[in-house]
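S.K.: let's see this in three dimensions:
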Amino acid sequence: YAILDRRLRHLPGGVDEYLRLRALEQANQKGAAAGSASAPAAESALSGADRRTAEKELTALERRMQKLAEQIDRAKHGLADHDQSDYAGLGEKMKEISAREAEVEELELRWFELTEQLG
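M.R.: Got it, this is the predicted structure:
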């Protein structure tokens, strides 16, 4: 767990995931500082129904990321219960875990885009 943007977030990737997210956040801050002249135009472009739609999508993304994090945790615990001599089965379980982690990364990128749009 880590506190990012004044929110408690579950980070199943541990310190590596935290460092990656911090690097993305810092890159976004540098980009926002460089493009601060265009920021007011972007905020005014997103208003009313578009803003509400973005907020709904943001909430849905957060719920989906939480569900995926729980699924990843369960799958990792299931890995420990699996027969350790069954390399093929372990490989399949790791493929499932990796696919879910990749989906979380995609959702996080979209989450960053939406939070940037919403300001």
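S.K.: please make it C-alpha for all contacts and neighbour counts, starting now.
M.R.: Fine.
S.K.: could you say what helices and strands the strand or helix carrying Glu103 packs with?
M.R.: Assigned by DSSP states H and E, Glu103 belongs to helix 87-118. Where contact means 3 or more Cα pairs under 8 Å, 6 or more residues apart in numbering; DSSP states H and E, helix 87-118 is packed against helix 39-45, helix 49-81.
S.K.: from these, which stretch is densest packed?
M.R.: Of all these, helix 49-81 carries the top mean neighbour count, a mean of 15, counting by mean count of other Cα atoms under 10 Å.
S.K.: now it: how far from the chain's centre is it?
M.R.: Helix 49-81 has its C-alpha centroid displaced from the chain centroid by 8 Å (Cα atoms, centre = their mean, to the nearest Å).
S.K.: same question for stretch 67-82.
M.R.: For stretch 67-82, the distance to the chain centre is 18 Å (Cα atoms, centre = their mean).
S.K.: equivalent analysis for stretch 12-19, please.
M.R.: 11 Å.
S.K.: residues making contact with it?
M.R.: Here stretch 12-19 makes contact (Cα atoms under 8 Å, 6 or more residues apart in numbering) with 1-2, 11, 69, 72-73.
S.K.: identify the residues contacting the nearest residue to Val104 once chain neighbours are set aside.
M.R.: Excluding its sequence neighbours, the residue lying closest to Val104 (Cα to Cα, 6 or more residues apart in numbering) is Met65, at 5.9 Å. By Cα under 8 Å, 6+ apart, the contact list for Met65 reads 104, 107-108.
S.K.: do you know how far Met65 is from His10?
M.R.: 9 Å (Cα to Cα, to the nearest Å).
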